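Engineer: this one's structure only:
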């Protein structure tokens, strides 16, 4: 149904969005000067450029977010262009999250399903009656994940939503090569845009893509090379705008490496331990496929014949050799918890980050050779997640003098002696 009715409409839209977002952020990503809005004095030159047409006009049009500001002042015009740039990117990511049931009404159906599975696993049926702490259950019966009571037809409605989630997810990434390819490229590009809001949401979409198509060999180059390279670059170059999003990015790196190299699949969203798949007895270089390969909402599948692309990306980093990569893989096979694997990946990437920083300093660029150049400076050691585990805890010294608050002063100013007799509402002086 989706392929028949939506593909002819969605294909040109996704292709155009990939082009538009690329041109919108290109001035910042390339390290050049940010594009300026179109002022009244610039209209003749813009009209001449538009008359010629072609990519040059569209590149300049999208770079300034399509804004004409007349005689507006420069500061306000620049702020308007920046807002237009981030708003269109954030809106697209939010829309895609809704389509993939990562937020919105469909996500509530998945949240209730997860709550049912947790109650069954723990043998505690009362857990399905628990909702958010901010919304206590007044009905006493089962409630949705947002705290609203479940209706009699809610189970049937949720079953229908789950079928639609599976169908739309399959359509977007497996049924149409043009739609799937451009959609994946958009998400990879979003990881490079210097906007933490967009990047954090793009990481969630990356996990859904991996759950859906990591098993497909024709996706290996996109996921194991382009996506993995961009994710590693975001950590190793340590841009300031990535501060606070590092663990999300490292989790994407872990998800890719587990599925494409180690033969491990994870829980939805890249959570939980890595479930190791057995090696086929007749071929020691091939893994047995997971049983949830066609069910992305339950963990998805793996690439049965491991790819060397992620290994090559890591080996190309300064200070990283094959011995370090072999040690990383051995560590991730022995310790398959999420925390242990992410810590192991962080320790490896820290070595590359320090070597890259030394190379930049030796060239006198002070980090200008990194991907953060022209956008934001490199995060300092106190900000970077890579150095958190080595940072010594400093004891906070006591205040040099006694702290006196306003409430303490008011308490001292109150009269110490209380009037005799029973307490009254009003003290009336005779």
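Structural biologist: All right, it came through fine. Since the structure is predicted, the reported quantities are computational estimates derived from the model, not experimental observations.

Engineer: mind checking the end-to-end distance for stretch 57-71?
Structural biologist: 22 Å (CA to CA, to the nearest Å).

Engineer: domain ranges for the chain?
Structural biologist: The chain breaks down into these domains under automatic domain parsing: 1-128+151-190, 216-387.

Engineer: Out of those, which is the most enclosed?
Structural biologist: Comparing the domains of the chain on average neighbours per residue, with mean count of other CB atoms under 10 Å, the densest one is domain 216-387 at a mean of 18. To be clear about C-beta, it is placed using only N, CA and C from the backbone, and glycine gets the same treatment.

Engineer: average model confidence for that domain?
Structural biologist: What domain 216-387 shows for mean pLDDT is 89.

Engineer: one step back: would you convert the domains of the chain into a markdown table that also reports distance to residue 410?
Structural biologist: Listed next are the domains of the chain as a markdown table, based on distance: least, CB to CB, whole Å:
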| stretch | distance to residue 410 |
| --- | --- |
| domain 1-128+151-190 | 45 |
| domain 216-387 | 39 |
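
Engineer: and residue 26, helix, strand or coil?
Structural biologist: Three-state assignment for residue 26 (DSSP: H, G, I helix; E, B strand; the rest coil): helix.

Engineer: swap in the one 5 residues further on?
Structural biologist: With three-state DSSP as the basis, the three-state label of residue 31 is coil.

Engineer: I'd like the distance between it and residue 74.
Structural biologist: 21 Å (CB to CB, to the nearest Å).

Engineer: same deal with residue 146?
Structural biologist: For residue 146, the distance to residue 74 - CB to CB - is 45 Å.

Engineer: What segments of the stretch 1-150 of the chain are helices?
Structural biologist: 2-5, 7-29, 43-52, 55-63, 74-99, 105-122 (DSSP state H, counting those that start in this stretch).

Engineer: So for residue 408, which of the ones you listed sits nearest?
Structural biologist: Residue 408 sits nearest to helix 74-99 of all the helices of the stretch 1-150 of the chain, at 44.9 Å, using CB to CB.

Engineer: That closest one vs helix 55-63, what angle?
Structural biologist: Angle, helix 74-99 to helix 55-63, by axes from the mean of the first three to the mean of the last three CA atoms, to 10 degrees: 90 degrees.

Engineer: Which parts of the stretch 201-350 of the chain are strands?
Structural biologist: Under the criterion DSSP state E, counting those that start in this stretch, the stretch 201-350 of the chain contains strands at 264-267, 271-276, 279-280, 283-287.

Engineer: For those, please prepare JSON lines with the additional fields distance to residue 333.
Structural biologist: Converted to JSON lines, the strands of the stretch 201-350 of the chain look like this (distance: least, CB to CB, whole Å):
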{"stretch": "strand 264-267", "distance to residue 333": "8"}
{"stretch": "strand 271-276", "distance to residue 333": "7"}
{"stretch": "strand 279-280", "distance to residue 333": "12"}
{"stretch": "strand 283-287", "distance to residue 333": "12"}
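
Engineer: do you know which of those lies nearest residue 36?
Structural biologist: strand 271-276 (43.5 Å).

Engineer: which residues are in contact with the closest one?
Structural biologist: 258, 262-266, 290, 299, 332-333, 336-338, 341 (CB atoms under 8 Å, 6 or more residues apart in numbering).

Engineer: can you tell me which of those residues are in helices?
Structural biologist: When DSSP state H defines the helices, the subset of the contacts of strand 271-276 inside them is 332-333, 338, 341.

Engineer: before we move on, back to that, nearest to residue 209, out of the domains of the chain?
Structural biologist: Between the domains of the chain, domain 1-128+151-190 lies closest to residue 209; by CB to CB that is 6.2 Å.

Engineer: and the closest one, how far from the chain's centre?
Structural biologist: 14 Å (CA atoms, centre = their mean, to the nearest Å).

Engineer: For it, what does the pLDDT average out to?
Structural biologist: 88.

Engineer: Once you drop chain neighbours, what's closest to residue 349?
Structural biologist: Nearest residue to residue 349 in three dimensions, chain neighbours excluded: residue 235, at 5.0 Å (CB to CB, 6 or more residues apart in numbering).

Engineer: Please give me every residue in contact with that neighbour.
Structural biologist: In this structure, residue 235 makes contact with 242, 246, 249-250, 253, 346, 349, 353, 386, judged by CB under 8 Å, 6+ apart.

Engineer: redo that, cut-off 7 Å
Structural biologist: 246, 249-250, 349 (CB atoms under 7 Å, 6 or more residues apart in numbering).

Engineer: next one: residue 332
Structural biologist: So residue 332 contacts 262, 341, 344 (CB under 7 Å, 6+ apart).

Engineer: Quick check: the last one touching residue 330?
Structural biologist: No. The pair formed by residue 344 and residue 330 falls short of the contact definition of CB atoms under 7 Å, at 9.6 Å.

Engineer: Quick check: the gap between the residue nearest to residue 146 when sequence neighbours are not counted and residue 158.
Structural biologist: Leaving out its chain neighbours, the residue that sits closest to residue 146 by CB to CB, 6+ apart is residue 108, at 5.8 Å. Residue 108 sits 8 Å away from residue 158, going by CB to CB.

Engineer: Surely residue 253 touches residue 232?
Structural biologist: Yes. Under the criterion of CB under 7 Å, residue 253 makes contact with residue 232 at 6.2 Å.

Engineer: Once you drop chain neighbours, what's closest to residue 62?
Structural biologist: Going by CB to CB, 6+ apart, residue 62 has residue 23 as its nearest residue, at 4.0 Å.
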